[in-house]
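Participant: Sequence first, then the predicted structure:
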Amino acid sequence: MFSTRDALPRYVGQTQRDSTSRLEQHFRDAAKGSQLQVHRWIRQEWLAGWDVRHLVLEEGVSRDQVASQERELIAKLPDLLNDRMNRDRYGHSRKLQYSIQRRCQRSFRGVHDNFNGFVGVTHAAWAAAFWVNVAFGETDGWCRRYLLRGDELHDAGLNGNHWFSELAKAIEARDAERVRLEATKPFLVGRWPEDRI
């Protein structure tokens, strides 16, 4: 797993299911308030307006080799959030870390979270459109995150109804949603991250 903040690998895992299903399980656990370090980090990134994504590093590894390969990768990569593994055995490899970082960056090329410093607003250059993620909650507890419904652009052949045709419309919708939420959830007043413009 990595954040679109810096694309550095932050968590290495393995699954027998498809990787997207496993990532979605991590997201559900993070939203429910799991106190695992990786789930706290996911909430932290969401609340700051960044997305968390995954990249499959190896496929087709036999069941009897999966655990040992996972341990070896974890041991080689610095700054991971994996709690359960002994990470001192192999020594860290910055070269491997940066190689994976470049692969992560390529996986979301053309997508810019917190576009122009506007927290929660994402620009998809390939679609010349925007979407807005709203996230609220606590790094130490539960978190809710969802996409806002977009404007008329969703009729222009793009999948989903979350697309905005202009940056100004995306910002306006985000700010209106924050006001709506503050009216029903007073604990949110003054708790939104500042735009970095």
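Facilitator: Arrived safely.
Participant: C-alpha from now on. contacts and neighbour counts both.
Facilitator: Will do.
Participant: What ranges in this protein fall below the confidence cut-off?
Facilitator: Filtered on pLDDT under 70, the chain yields the residue ranges 83-91, 152-158.
Participant: Need the single longest strand in it, by residues.
Facilitator: Assignment by DSSP state E gives strand 129-137 as the longest strand of the chain.
Participant: what sits opposite the residue nearest the centre of the chain in the beta ladder?
Facilitator: Residue closest to the mean C-alpha point of the chain, counted by CA atoms, centre = their mean, is residue 52 at 1.5 Å. Counting by DSSP bridges, residue 52 is bridged to residue 3.
Participant: For the helix or strand just after the longest strand of the chain, name the packing helices and strands.
Facilitator: As assigned by DSSP states H and E, the chain's next helix or strand after strand 129-137 is strand 143-147. Under the contact criterion of 3 or more CA pairs under 8 Å, 6 or more residues apart in numbering; DSSP states H and E, strand 143-147 touches helix 19-32, strand 129-137.
Participant: what does the shortest one rub up against?
Facilitator: Contacts to strand 129-137, defined as CA atoms under 8 Å, 6 or more residues apart in numbering, come from residues 46-47, 49, 120-124, 143-148, 150, 162-167, 170, 174, 188.
Participant: the longest helix in this structure is where?
Facilitator: helix 167-184 (DSSP state H).
Participant: Packing partners of that one?
Facilitator: strand 121-124, strand 129-137.
Participant: how about it: buried residues?
Facilitator: By neighbour count on 16 or more other CA atoms under 10 Å, the buried set for helix 167-184 is 167, 170, 171, 173, 174, 178.
Participant: Please report how far the spatially closest residue to the third one that is not a sequence neighbour lies from residue 17.
Facilitator: What that stands for is residue 171. Distance criterion CA to CA, 6 or more residues apart in numbering; nearest residue to residue 171, sequence neighbours excluded, is residue 121 at 7.0 Å. Counting by CA to CA, to the nearest Å, the gap from residue 121 to residue 17 is 31 Å.
Participant: who's more crowded, the two?
Facilitator: Taking neighbours as other CA atoms under 10 Å, residue 121 and residue 17 compare with residue 121 leading, 23 against 8.
Participant: Surely that one touches residue 113?
Facilitator: Yes - at 6.2 Å, residue 121 counts as touching residue 113 under the criterion of CA atoms under 8 Å.
Participant: tell me, what's touching those two both at once?
Facilitator: residue 49.
Participant: which ones are touching residue 92?
Facilitator: Contacts for residue 92 (CA under 8 Å, 6+ apart) come out as 75, 76, 77, 78.
Participant: farthest pair in the residues you listed?
Facilitator: Greatest spacing in the contacts of residue 92, by CA to CA: 75 and 78 (7.7 Å).
Participant: relative to its centroid, which residue of the protein is most remote?
Facilitator: Outermost residue of the chain (CA atoms, centre = their mean): residue 64, 30.3 Å.
Participant: which SSE is that one in?
Facilitator: Residue 64 is part of helix 63-76, with elements assigned from DSSP H and E.
Participant: Report the distance from that helix to the chain centre.
Facilitator: 24 Å (CA atoms, centre = their mean, to the nearest Å).
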